[in-house]
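[1] Using only what follows, build the 3D model:
(2 chains)
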Amino acid sequence: MITLQNISKWYGKEKTLAVDSVSLSIPKGELFGLIGPDGAGKTSIFRMLTTVLLPDGGSATVNGFDVVKDYHQIRNCVGYMPGKFSLYPDLSIEENLNFFATIFNTTVEENYDLIKDIYIQIEPFKKRRAGQLSGGMKQKLALCCALIHKPTVLFLDEPTTGVDPVSRKEFWEMLKRLKAQGITILVSTPYMDEATLCDRIALIQNGKILSVETPDKIRAAYPDPLFAIKSDNMSDLLKILRSHPLVKNSYAFGEFAHATFKNEFLQEKDLGELLRHENLTAVELKRTEATIEDCFIQLLSA
Amino acid sequence: MKETVISTSALTKRFGDFVAVNEISFDVYKGEVFGFLGANGAGKTTAMRMLCGLSIPSSGNASIAGFDVYRQTEDIKKHIGYMSQKFSLYEDLTVLENIRFFGGIYGLSNQQLRLKAEELIEQLGLQKETKKLVGSLPLGWKQKLSFSVAVIHQPKIVFLDEPTGGVDPVTRRQFWDLIYQAADNGVTVFVTTHYMDEAEYCGRVSIMVDGKIEALDTPGNLKKQFGSDSMDDVFYKLARGAKRGE
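    Numbers count the residues shown, from 1 in each chain, chains lettered A, B, ... in the order given. I've put the predicted structure just below:
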């Protein structure tokens, strides 16, 4: 269980606000996602909740413990995987894992069940120094080290950044299995498609939370009818949409352009007709459901 | 006749017994936006280093902007631009200093530098930021500036290694506007990405698995070929069979 109440953090002489009065409540056993770009304040939130950074305003608790007063207790019951690789590069896989187990007064054997699925993938290389591992292997080792003392809350700061789509899918499978064991997980990611894999998400930008909901509810709250449009000349299509007086918002979305219109009563056939007038060929237009990425774009432009 | 700017044939790189890049052959044309995809560890970075003249191949041939990857690596470096997410600009130099520094390295004259710097700053809307340290800029601006600096000497080809990692969806799209603009001006764009929607923005896409190019075509044709409705699915079908971890 994690709660944040109007928590704030600023940096430097200019007191730049990195986290701007954020309030959240994450119940036990939830897989909660902080979704936002670089610089949104995700890492500052993680660092305050894991007691390695003091808040400048507001308060927060983890498992009922206060992040300022009770930092000892919090450090014992949470696992933290920072965005930047932070294990000992001169220790081997095995040595790193033993080190973290020992620090928490436990042994690798005692909690092996929890990490087994992940550890067997890197076990063949257990004598290799951590600094010499590939990105994917470092990520798995870091997760093992964060889990070795059987934490009840797990903090994962951008665990999948720079990871290819197949490995990302595997990583999220691992998270699901951890969640099934009752561990509360707070995870951040810049990949919008991963948002749908969380129970609830907070969209965050410039230190402020734009929206907190289940992914489905966030998508359902998209305010306008959204259309996916395709033409054989994508760059012309985008230019025309951008300058068209009836278009509210438009942008590339994979093989389609996504657009919303100022007149919400326009139907598919009216819009198709309208675009064919613009000398576009092979125009295909259909209503589409908003994805999390559409919602984020809409919230950013609002 | 399309002008070929990158041409490789059976290009290979071995490290001891390990074949990092295994006989890749492909052509890229002038003004094309070419997506170079693959799982972590598939050999993309090694291949790209050879194409940039930073690593001599073990066997095979390649010509980059008309120059040979064995004998003319210095010429290659002068005729390409390069931008990666990890290293791009000097954080302790200001916006203007970075532009001057990179322009100078690429041999622009003082007068060219002045003109280019002005043009670039105006294009990016950074007029108020010219004297700010690059380290203090938001990531999205850094990336746009970094791209503009990478094409400051009007190279034939620009190599982009995961240029949009970590930025918000709006900034990501603004970045692609810059890419298209460069391609419209005849610059060939060679780009790697882990965002599969961005694969759709490329004219053609290659997918590397275990050191080999397993597929190369337009996104539309690849989807047809693999019976997929998204590039994400195409990628998954090809890369999940990978034997090689990273």
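[2] C-alpha from now on. contacts and neighbour counts both.
    OK.
[3] What about the closest residue in space to residue B:129 that isn't next to it in sequence, how many residues nearby?
    Once flanking residues are discounted, residue B:129 sits nearest to residue B:95: 7.0 Å by C-alpha to C-alpha, 6 or more residues apart in numbering or on different chains. Residue B:95 has 27 neighbours, counted by other C-alpha atoms under 10 Å in any protein chain shown.
[4] Now do residue B:95 against chain A, distance only.
    Residue B:95 is 19 Å from chain A, where distance means C-alpha to the nearest C-alpha, to the nearest Å.
[5] Could you do residue B:204 as well?
    13 Å.
[6] got a pLDDT number for that residue?
    pLDDT, residue B:204: 96.
[7] Tell me what it is bridged to.
    residue B:34 (DSSP bridges).
[8] Tell me who's in contact with it.
    B:32, B:33, B:34, B:35, B:216, B:217, B:218, B:219 (C-alpha atoms under 8 Å, 6 or more residues apart in numbering or on different chains).
[9] Could you tell me which of these count as buried?
    B:32, B:33, B:34, B:35, B:216, B:217, B:218, B:219 (16 or more other C-alpha atoms under 10 Å in any protein chain shown).
[10] and the fifth one, which of the three is it?
    Read it as residue B:216. Three-state call for residue B:216 (DSSP: H, G, I helix; E, B strand; the rest coil): strand.
[11] quick revisit: just to check, the residue nearest to residue B:129 is in contact with residue B:125?
    No - applying C-alpha atoms under 8 Å, one finds residue B:95 not in contact with residue B:125, separated by 12.0 Å.
[12] Report the helix or strand with the lowest average pLDDT across chain A.
    helix A:268-276 (a mean of 79; mean pLDDT, DSSP states H and E).
[13] Just the CA trace of it, in PDB.
    What follows is helix A:268-276, C-alpha atoms only, in PDB (Å, rounded to 0.1, in the frame of the first residue of the first chain):
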ATOM      1  CA  GLU A 268     -17.500   8.800 -42.000                       C
ATOM      2  CA  LYS A 269     -18.900   9.400 -45.500                       C
ATOM      3  CA  ASP A 270     -19.000  13.200 -45.200                       C
ATOM      4  CA  LEU A 271     -15.400  13.200 -44.000                       C
ATOM      5  CA  GLY A 272     -14.300  10.800 -46.800                       C
ATOM      6  CA  GLU A 273     -15.900  13.100 -49.300                       C
ATOM      7  CA  LEU A 274     -14.300  16.100 -47.800                       C
ATOM      8  CA  LEU A 275     -10.800  14.600 -48.100                       C
ATOM      9  CA  ARG A 276     -11.300  13.400 -51.700                       C
END
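[14] where's the residue lying closest to residue A:89 once chain neighbours are set aside relative to chain B, distance?
    Among residues not flanking residue A:89 along the chain, residue A:131 sits closest, at 3.9 Å (C-alpha to C-alpha, 6+ apart). For residue A:131, the distance to chain B equals 14 Å [C-alpha to the nearest C-alpha].
[15] residues in contact with residue A:131?
    A:88, A:89, A:90, A:91.
[16] so which of those residues would you say is closest to residue B:186?
    For the contacts of residue A:131, the minimum distance to residue B:186 (C-alpha to C-alpha) is 44.4 Å, reached by residue A:89.
[17] I'd guessed that closest one sits against residue A:132; true?
    Yes - contact criterion C-alpha under 8 Å: residue A:89 and residue A:132 qualify, at 7.4 Å.
[18] Those two: which is more packed in?
    Neighbours were counted for residue A:89 and for residue A:132 using other C-alpha under 10 Å; residue A:89 has more, 16 against 13.
[19] Can you give me the pLDDT of that one?
    95.
[20] Give the helix, strand or coil label for it.
    coil.
[21] picking that back up, rebuild the buried ones among the contacts of residue B:204 as JSON lines, extending it with distance to residue B:58.
    Shown next, in JSON lines, are the buried ones among the contacts of residue B:204 (distance: C-alpha to C-alpha, whole Å):
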{"residue": "B:32", "distance to residue B:58": "27"}
{"residue": "B:33", "distance to residue B:58": "27"}
{"residue": "B:34", "distance to residue B:58": "24"}
{"residue": "B:35", "distance to residue B:58": "24"}
{"residue": "B:216", "distance to residue B:58": "23"}
{"residue": "B:217", "distance to residue B:58": "26"}
{"residue": "B:218", "distance to residue B:58": "29"}
{"residue": "B:219", "distance to residue B:58": "31"}
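[22] Output those residues in a markdown table, with pLDDT appended to each entry.
    Shown next, in a markdown table, are these (pLDDT from 0 to 100):
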| residue | pLDDT |
| --- | --- |
| B:32 | 95 |
| B:33 | 95 |
| B:34 | 97 |
| B:35 | 97 |
| B:216 | 97 |
| B:217 | 96 |
| B:218 | 95 |
| B:219 | 94 |
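[23] next one: phi and psi at residue A:259?
    phi -150, psi 150 (degrees, to the nearest 10).
[24] and residue A:16, what is it in contact with?
    Per C-alpha under 8 Å, 6+ apart, neighbours of residue A:16: residue A:10.
[25] still on that earlier bit, okay, the angle between the next helix or strand after the least confident helix or strand of chain A and helix A:268-276?
    Per DSSP states H and E, the first helix or strand lying C-terminal to helix A:268-276 is strand A:284-288. For strand A:284-288 against helix A:268-276, the angle by axes from the mean of the first three to the mean of the last three C-alpha atoms, to 10 degrees is 140 degrees.
[26] Could you name the helices and strands sitting against strand A:284-288?
    Under the contact criterion of 3 or more C-alpha pairs under 8 Å, 6 or more residues apart in numbering or on different chains; DSSP states H and E, strand A:284-288 touches strand A:226-230, helix A:268-276.
[27] contact partners of it?
    With C-alpha under 8 Å, 6+ apart, strand A:284-288 has contacts from A:225, A:226, A:227, A:228, A:229, A:230, A:231, A:268, A:271, A:272.
[28] Okay, now the sheet partners of it, with direction.
    strand A:226-230 (antiparallel).
[29] in the strand it pairs with, what's buried?
    Neighbour counts over strand A:226-230 (16+ other C-alpha under 10 Å) mark A:226, A:227, A:228, A:229, A:230 as buried.
[30] how about the CA coordinates for it, as CSV?
    Taking Å, rounded to 0.1, in the frame of the first residue of the first chain, the C-alpha atoms of strand A:226-230 are listed here in CSV:
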residue,chain,number,x,y,z
LEU,A,226,-11.5,9.7,-33.3
PHE,A,227,-10.9,8.7,-37.0
ALA,A,228,-8.1,6.7,-38.6
ILE,A,229,-7.3,7.9,-42.1
LYS,A,230,-5.1,6.4,-44.7
